[in-house]
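Asker: Can you look at this prediction? I've put the sequence above it.
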Amino acid sequence: MKIIFLDIDGVLNFYKSKKIDTRCLFYLKRIVKKTNAYIVLSSSWKESVLYPQCCSEFDNQVLDDLMNRSGLPFIGVTPDIDPRRREVEIQEWLKTAPEPVESFVIIDDLKFGFPVTFHDNFVQTSGFLKWGLTYRQASKAIKILNHKL
């Protein structure tokens, strides 16, 4: 099984986009199509899955659109351990994965502890103040997932 640990803010949206940017979503779909990877939310947006009653209707709708209408295979969320240490949450998810993980990539605009803990599996986007996920970053994610680096 191949896994994409996905952040949303700064990856699928940015300051000029209203919610999810269609260009960024296109690149995510390209990654999934070229790798047959599944998506695990590592974003703070996972709260919409874990605690839907605590989130706004807008947030729940955006996440529902992503998970159920865009054809992207979400299979879960990382555990809620420490929002400042996303790398720890990903490590825990990998330990308890429902199937063996062949390869994985982390796509996030923030570094957290990824450059140290998951150097070869981390793709940092340009972030919320720029363009989110780009073609070049999507191509790198595909190479990581398909062991082509």
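Answerer: Perfect, I can see it now.

Asker: what about residue 98, neighbour count?
Answerer: A total of 10 residues lie near residue 98 under the criterion other CB atoms under 10 Å. Every C-beta, even on glycine, is put in place using the N, C-alpha and C of the backbone.

Asker: tell me which element the spatially closest residue to it that is not a sequence neighbour is part of?
Answerer: Nearest-residue entry for residue 98: residue 75, 7.6 Å, with adjacent residues in sequence omitted and distances by CB to CB, 6 or more residues apart in numbering. Here residue 75 is covered by strand 74-77, with elements defined by DSSP states H and E.

Asker: what do you get for residue 144?
Answerer: In the assignment (DSSP H and E), residue 144 maps to helix 135-145.

Asker: which parts of that helix are buried?
Answerer: Within helix 135-145, the residues that qualify as buried are 137, 138, 139, 140, 141, 142, 144, 145, counting by 16 or more other CB atoms under 10 Å.

Asker: so the second one touches residue 31, yeah?
Answerer: Yes - taking CB atoms under 8 Å as the definition, residue 138 is a contact partner of residue 31 at 5.3 Å.

Asker: Could you identify the longest helix within the chain?
Answerer: helix 22-35 (DSSP state H).

Asker: Show me what that one is packed against.
Answerer: On a contact count with 3 or more CB pairs under 8 Å, 6 or more residues apart in numbering; DSSP states H and E, helix 22-35 meets strand 2-6, helix 135-145.

Asker: Point to the helix or strand of this protein where mean pLDDT is at its lowest.
Answerer: Taking all helices and strands of the chain together, the one with the lowest average confidence (mean pLDDT, DSSP states H and E) is helix 47-50, at a mean of 62.

Asker: give me the low-pLDDT residue ranges for this protein?
Answerer: 16-18, 45-65, 67-69, 129, 149 (pLDDT under 70).

Asker: Next, the closest residue to residue 127 other than its chain neighbours: phi, psi?
Answerer: Spatial nearest neighbour of residue 127, chain neighbours left out: residue 109 (4.0 Å); criterion: CB to CB, 6+ apart. Note on residue 109: backbone dihedrals following degrees, to the nearest 10 are phi -90, psi -20.

Asker: I'd guessed residue 109 sits against residue 8; true?
Answerer: No - here residue 109 does not reach residue 8: they are 9.6 Å apart, not a contact under CB under 8 Å.

Asker: Can you name the residues in contact with the helix holding residue 144?
Answerer: Helix 135-145 is touched from outside by 2, 4, 27-28, 30-31, 34-35, 37, 103-105, 107, 120-121, 123-126, 148-149, with contacts defined as CB atoms under 8 Å, 6 or more residues apart in numbering.
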